[in-house]
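Asks: sequence plus predicted model, see below.
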There are 2 protein chains.
Amino acid sequence: MGIADDAVEVRAQGWRTLAALHGLIEAELERALAASVDLSVVEYTVLDALNRQDGWHMRMQQLARAAALSPSATTRLVNRLEDRALLTRILCADDRRGIYTELTAAGRALYERARPIHDATLERVLAEAGEQPELAPVVEALHGVALPATAA
Amino acid sequence: MGIADDAVEVRAQGWRTLAALHGLIEAELERALAASVDLSVVEYTVLDALNRQDGWHMRMQQLARAAALSPSATTRLVNRLEDRALLTRILCADDRRGIYTELTAAGRALYERARPIHDATLERVLAEAGEQPELAPVVEALHGVALPATAA
DNA sequence: CATCAATACTTGCACACGCAATTAGCTGGC
DNA sequence: GCCAGCTAATTGCGTGTGCAAGTATTGATG
């Protein structure tokens, strides 16, 4: 097996490791959030993204990008959250095709309740994963990701 | 914002980055494999896992673990691949609850055709991701994952 | 040897997703 | 000012998934 073949194997193994870690974290978050606040991970991601905008609107498309979802899935996700009165649709005046979404008070409240659970679960899972030799290097690398804005 | 809060933010940001990279890679692999060999990423994962066993059987449960899938999803996934004659179910004699799966010649052939496409796509996407400052640290870490067996 | 718990897989069901087609609204050429 | 082409969001439809219940088989206990 030559050097080139080794590189291919390393990449494949790296991808499997990444997928395994991702699946592990997502499954744990899913379980924790569903049990405590009846939210899925994508739903939490949307609430988190909206909250990070701190009172400002977000287009459906931005939401879709933040949640890595298709437009249609985004529509239905927003529907679900709107039905639960966690956010509201706002037709913006300057471009009447675009639809902005905003957290309601209830949405913000639920997010505040969900966040500590989310963060604690993440901390626990990352700690556990860090002890597995295969996953550890990737877990370590997560500490090194660039922080946006506030850290600059 | 204190040190503890920073750590929480770093973890959250790390998780978002991991999810973004994972989604990116998976989407590209999905597209490439679907277009060329009509396989989804999970289907390829199963073929890959079976091929790595090199002629030996795998239980449904091992398959489920390798593909990060529930038992029910594994059953249906194996059904799909069996319908396409890419693998066969083998009822093993020593434990008649367990069901082993094995690649057929057609399955092995399709895998051999899919692998270069998979590997090339992975190389390309990782190279592209490595140029994005936010994703780069995680991409780098993938090179450092431990190789099983053959590298020992 | 009969029985009860545990394990391995399968099936019923509801749900979230992506793709393609659709509707509504903006924008540029003439 | 109007039609063609583009973008934003939604809806119809088929498919893959997880959970919970069901079936078959094994192993332990009395």
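Replies: Done, it's in. Being a predicted model, the structure only gives us computed values, none of them experimental. Numbering: from 1, shown residues only, chains lettered A, B, ... in the order given.

Asks: which residues sit in contact with the most centrally placed residue in chain A?
Replies: In chain A, the residue lying closest to the centroid (CA atoms, centre = their mean) is A:Thr45, at 3.9 Å. Residues touching A:Thr45, when contacts are defined by CB atoms under 8 Å, 6 or more residues apart in numbering or on different chains, comprise A:66-67. Heads up, the C-betas are built off the backbone N, CA and C, glycines and all.

Asks: check whether the helix or strand containing it comes near DNA strand C.
Replies: Secondary structure here is read from DSSP states H and E; on that basis A:Thr45 sits in helix A:41-52. Yes. Helix A:41-52 lies within reach of DNA strand C by CB under 7 Å from any atom of the strand, at A:Val42.

Asks: that helix and DNA strand D in contact?
Replies: No. Judged by CB under 7 Å from any atom of the strand, helix A:41-52 and DNA strand D are separated, with a smallest distance of 11.9 Å.

Asks: how about that helix: buried residues?
Replies: By 16 or more other CB atoms under 10 Å in any protein chain shown, the buried positions in helix A:41-52 come out as A:41-50.

Asks: A:Leu122 reaches B:Glu9, doesn't it?
Replies: No. Counting by CB atoms under 8 Å, A:Leu122 sits too far from B:Glu9 to count as a contact (11.1 Å).

Asks: got the residues of chain A near DNA strand D?
Replies: Close to DNA strand D, as judged by CB under 7 Å from any atom of the strand, chain A has residues A:31, A:59-61, A:71-72, A:74-76, A:78-79, A:89, A:95, A:97-99.

Asks: next one: the longest helix anywhere in chain A to chain centre, how far?
Replies: Looking across chain A with DSSP state H, the single longest helix is helix A:3-37. Taking the mean C-alpha point of helix A:3-37 and that of its whole chain, the gap between them comes to 15 Å (CA atoms, centre = their mean, to the nearest Å).

Asks: now for it, which elements pack on it?
Replies: Using 3 or more CB pairs under 8 Å, 6 or more residues apart in numbering or on different chains; DSSP states H and E as the contact definition, the elements that helix A:3-37 packs against are helix A:41-52, helix A:105-130, helix A:136-142, helix B:3-37, helix B:105-130, helix B:136-142.

Asks: buried sites along it?
Replies: Of the residues in helix A:3-37, A:8-22, A:24-26, A:28-30, A:32-33, A:37 count as buried by neighbour count, 16+ other CB under 10 Å.

Asks: try stretch A:57-66
Replies: Applying a neighbour-count criterion of 16+ other CB under 10 Å, the buried positions in stretch A:57-66 are A:58-60, A:62-64, A:66.

Asks: and for stretch A:92-111?
Replies: Residues of stretch A:92-111 classed as buried by neighbour count (16+ other CB under 10 Å): A:99-103, A:107-108, A:110-111.

Asks: with stretch A:124-135 instead?
Replies: For stretch A:124-135, the neighbour count (16+ other CB under 10 Å) marks A:125-126, A:129-130, A:134-135 as buried.

Asks: of all these, the one with the weakest confidence?
Replies: For the buried residues of stretch A:124-135, the least confident position by pLDDT is A:Glu134, scoring 91.

Asks: wait, is that one part of a strand?
Replies: No. Inclusion of A:Glu134 in a strand is not indicated when DSSP: H, G, I helix; E, B strand; the rest coil is applied; the result is coil.

Asks: surely it and B:Val145 touch.
Replies: Yes. A:Glu134 is within contact range of B:Val145, at 6.2 Å (criterion: CB under 8 Å).

Asks: how about the residues of chain A near chain B?
Replies: Residues of chain A lying close to chain B (CB under 8 Å from any CB of the partner chain) are A:1, A:8-15, A:17-23, A:25-26, A:48, A:68, A:118-119, A:122-123, A:126, A:133-134, A:137-138, A:140-148, A:150.

Asks: hmm, 6 Å instead?
Replies: Within chain A, the positions adjacent to chain B are A:8, A:11, A:13-15, A:17-18, A:22-23, A:68, A:119, A:122, A:133-134, A:137-138, A:141-142, A:144-147 by CB under 6 Å from any CB of the partner chain.

Asks: no more questions from me, cheers.
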